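Asks: Structure here, sequence nowhere to be found:
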Ligand SMILES: NC(=O)c1ccc[n+]([C@@H]2O[C@H](COP(=O)([O-])OP(=O)(O)OC[C@H]3O[C@@H](n4cnc5c(N)ncnc54)[C@H](OP(=O)(O)O)[C@@H]3O)[C@@H](O)[C@H]2O)c1
């Protein structure tokens, strides 16, 4: 029987602000509850939404705690009533709505997935948030299929690096935009057929040239703002624009909506965290069936740019906000 300590270390945001509000504190270890698994966390992933939450711009939805952290990997140390899988002792990674920045975290049993065979627990901590987000937005909402052309902005981000690999493995032609030559090389190394350094080239022109003016079938965008009319212009007939963030704002001065009608476009988007457990479970089940075999075989993987110890979570956030990273940033708890 594993001894579960009464107290643990966790990371909190001591007020809203820059990385300086990040504090490592002692707290009571969470108690297991019906439908939940208690995970001894080996590592947790850092995601851009965590930085937004830290600045006070992305409050946890009702039912979640203020402790940050959306994805974890570790060992199951207890399960609540009604939980068959996972079992105590299993190594899992899990999507959590909060509380991931801790030595112990509660996860919905339905959102725990086995550690992919090709990954250790540190790499597995970089899987859930981007794989849930990309799978649901690109393949469910965006309906990307084999032979179609896919454009992802922010191709070197955690989300982008996952989107390139999953779209490529689904048989799509993949175009990525990114902010430097090094980032474009990284996107190509993951399978992008074309990577455009948007600081040096006009991505609309380059994409139209590459597609012989046809445009693209699906766009996954996290930038918004001035990209919105450009994305609409770049979509082919029956194209789908999927919006998952607005790094450059959600407003546009002027937009011509005529192409939405004449090209029969679909404009959609989503956020993951406030969705119901039933909706997230549906994504988890689809991932288990369609993506886990690829992760197990090492055919797709999280690209881990840097690993920090828990007492350097502040440095992990500072790195993320430089946007210099390629892929994922992970923090280990020492457990
Ligand atoms: N809707 C959802 O369910 C959901 C879930 C998870 C994440 N997200 C969102 O998806 C995005 C990516 O998340 P992540 O964790 O993968 O982030 P990340 O690894 O930090 O990557 C973000 C990338 O965006 C680019 N960027 C940063 N600031 C920008 C700005 N002001 N304008 C344009 N580009 C900028 C940077 O690449 P360049 O140098 O190439 O510009 C950066 O690498 C975030 O906006 C996040 O909030 C949404």
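Replies: Received, thanks. This structure is a prediction, so every number in the text was calculated from the model and none was measured.
Asks: can you list the domains in this protein?
Replies: 7-127+274-332, 131-269 (automatic domain parsing).
Asks: I'd like those domains written out as TSV, with mean neighbour count and mean pLDDT added.
Replies: (Each C-beta comes from the backbone N, C-alpha and C, glycine too.) Below are the domains of the chain laid out as TSV (neighbours: other C-beta atoms under 10 Å; pLDDT from 0 to 100):
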stretch	mean neighbour count	mean pLDDT
domain 7-127+274-332	19	98
domain 131-269	20	98
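Asks: Would you format those domains as a markdown table with distance to the ligand included?
Replies: Output for these, formatted as a markdown table (distance: least, C-beta to the nearest ligand atom, whole Å):
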| stretch | distance to the ligand |
| --- | --- |
| domain 7-127+274-332 | 3 |
| domain 131-269 | 3 |
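Asks: and the most centrally placed residue in the chain, what is it in contact with?
Replies: Geometric centre of the chain, nearest residue: residue 130, 2.2 Å, by C-alpha atoms, centre = their mean. By C-beta atoms under 8 Å, 6 or more residues apart in numbering, the contact list for residue 130 reads 47, 158, 159, 161, 162, 302, 328.
Asks: Which members of those residues occur in helices, if any?
Replies: Residues of those located in helices (DSSP state H): 158, 159, 161, 162.
Asks: what residues are up against residue 314?
Replies: So residue 314 contacts 19, 20, 22 (C-beta under 8 Å, 6+ apart).
Asks: Tell me how far it lies from residue 331.
Replies: 10 Å (C-beta to C-beta, to the nearest Å).
Asks: thought residue 21 was touching residue 13?
Replies: Yes: if you go by C-beta atoms under 8 Å, residue 21 and residue 13 touch, sitting 5.0 Å apart.
Asks: list the residues that contact both of those two?
Replies: Common neighbours of residue 21 and residue 13, using C-beta under 8 Å, 6+ apart, are residue 54.
Asks: Quick check: phi and psi at the closest residue to residue 274 other than its chain neighbours.
Replies: Among residues not flanking residue 274 along the chain, residue 61 sits closest, at 4.2 Å (C-beta to C-beta, 6 or more residues apart in numbering). Dihedral angles of residue 61 (phi, psi; degrees, to the nearest 10) stand at phi -70, psi 160.
Asks: who are the neighbours in contact with residue 61?
Replies: Per C-beta under 8 Å, 6+ apart, neighbours of residue 61: 97, 273, 274.
Asks: just the helices in the stretch 201-335 of the chain please.
Replies: For the stretch 201-335 of the chain, the helices defined by DSSP state H, counting those that start in this stretch occupy 203-210, 227-234, 258-262, 277-290, 292-297, 313-322.
Asks: What is the end-to-end distance of stretch 316-335?
Replies: Stretch 316-335 has an end-to-end distance of 18 Å (C-alpha to C-alpha, to the nearest Å).
Asks: Please compute how far that stretch lies from its chain's middle.
Replies: Here the centre of stretch 316-335 is set off from its chain's centre by 13 Å, with C-alpha atoms, centre = their mean, to the nearest Å.
Asks: wait, residue 71 sits on residue 126?
Replies: Yes: between residue 71 and residue 126 there is a contact under C-beta under 8 Å: 7.4 Å.
Asks: Quick check: neighbours shared by these two?
Replies: Joint contacts of residue 71 and residue 126 (C-beta under 8 Å, 6+ apart) are residue 45.
Asks: ok, and the closest non-adjacent residue to residue 321?
Replies: Sequence neighbours aside, residue 51 is the residue nearest to residue 321 in space, at 6.0 Å (criterion: C-beta to C-beta, 6+ apart).
Asks: Direction included, what does the host helix or strand of residue 113 pair against?
Replies: According to DSSP states H and E, residue 113 maps onto strand 112-114. For strand 112-114, the paired strands and their directions (DSSP bridges) read strand 91-95 (antiparallel).
Asks: how far off helix 277-290 does the strand it pairs with point, in degrees?
Replies: If you take axes from the mean of the first three to the mean of the last three C-alpha atoms, to 10 degrees, strand 91-95 sits at 130 degrees to helix 277-290.
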